[in-house]
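Student: Need a 3D model of the following:
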Amino acid sequence: MTSTQRPESSDRPPVSEPDYQKALNAALRLLTRRDHSKYELARKLKQRGIQPEVIDKVVLACEEFDYINDERTARLLIGQLIRKGYGIKHIRNELKMKGLRGRRIPEILAESMSEYNEREGAERIVQKHAKKFERESDPQKRKEKVYRFLYARGFSKEVILELLREFL
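Tutor: Next up, the predicted model:
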């Protein structure tokens with residue numbers, strides 16, 4: 001058995017070197033653009049018609065070389081979403097969509113969120129989009145608009161209501 005083949009378990013054919021190399025090159029092209037989770041990388045390789053056993057081997061190799069690291073990807077994504085003005089619910093949903101569900105992910109989320117004041121984030125994003133809300137002359141409709149806007153961005157109802165009571 002060559003080093004590129006894994007032990008044959010059941011009916012799986014061995015992974016050929018050209019297939020592996022092609023898949024690895026595709027993975028590296030994807031990873032040069034941005035960080036991906038293991039789940040995302042595997043999904044994108046599957047979309048390119050690469051066989052599951054080749055995908056497994058490529059993902060494992062990328063993980064060994066630290067080209068993919070779900071913890072690092074989660075930290076980067078959380079930071080990016082906080083800077084863009086999203087709430088905790090939206091951030092959790094994005095992590096799930098990207099397949100970031102490992103046992104360390106909730107810890108990373110808790111660490112990142114302990115430093116993040118959701119209330120301040122909501123206030124900052126409302127101020128950034130203030131002109132859009134000021135166009136509405138009816139105060140009740142303005143409140144509803146702000147509420148829908150913040151809720152869609154993943155802010156909790158409590159934070160939104162507190163912000164509306166204080167400022168509007």
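Student: Buried ones in the lengthiest helix in the chain, by neighbour count?
Tutor: In the chain, taking DSSP state H as the definition, the longest helix is helix 17-33. Neighbour counts over helix 17-33 (16 or more other Cβ atoms under 10 Å) mark 19-20, 23-24, 26-27, 30 as buried. Where you see a C-beta, it was placed from the backbone N, CA and C, and this is true even at glycine.
Student: what's the answer for stretch 40-59, then?
Tutor: Buried residues in stretch 40-59 (16+ other Cβ under 10 Å): 40-42, 45, 50-51, 53-55, 57-59.
Student: From those, which land in helices?
Tutor: Per DSSP H, the subset of the buried residues of stretch 40-59 in helices is 40-42, 45, 53-55, 57-59.
Student: hang on, the earlier thing: may I see the buried residues of stretch 40-59 arranged in a markdown table, with distance to residue 106 and pLDDT as well?
Tutor: Putting the buried residues of stretch 40-59 into a markdown table (distance: Cβ to Cβ, whole Å; pLDDT from 0 to 100) gives the following:
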| residue | distance to residue 106 | pLDDT |
| --- | --- | --- |
| 40 | 19 | 95 |
| 41 | 22 | 97 |
| 42 | 22 | 96 |
| 45 | 27 | 97 |
| 50 | 31 | 94 |
| 51 | 33 | 94 |
| 53 | 31 | 95 |
| 54 | 31 | 95 |
| 55 | 26 | 96 |
| 57 | 29 | 95 |
| 58 | 27 | 97 |
| 59 | 22 | 96 |
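Student: Closest one to residue 166 out of the ones in helices among the buried residues of stretch 40-59, please.
Tutor: residue 40 (39.3 Å; Cβ to Cβ).
Student: what's near enough to touch the closest one?
Tutor: 98-99 (Cβ atoms under 8 Å, 6 or more residues apart in numbering).
Student: what about residue 91, which helix or strand?
Tutor: helix 88-97 (DSSP states H and E).
Student: The lowest-mean-pLDDT helix or strand in the chain vs helix 88-97, what angle?
Tutor: None of the helices or strands of the chain scores lower by mean pLDDT, DSSP states H and E than helix 105-115, at a mean of 84. Here helix 105-115 runs at an angle of 150 degrees relative to helix 88-97 (axes from the mean of the first three to the mean of the last three Cα atoms, to 10 degrees).
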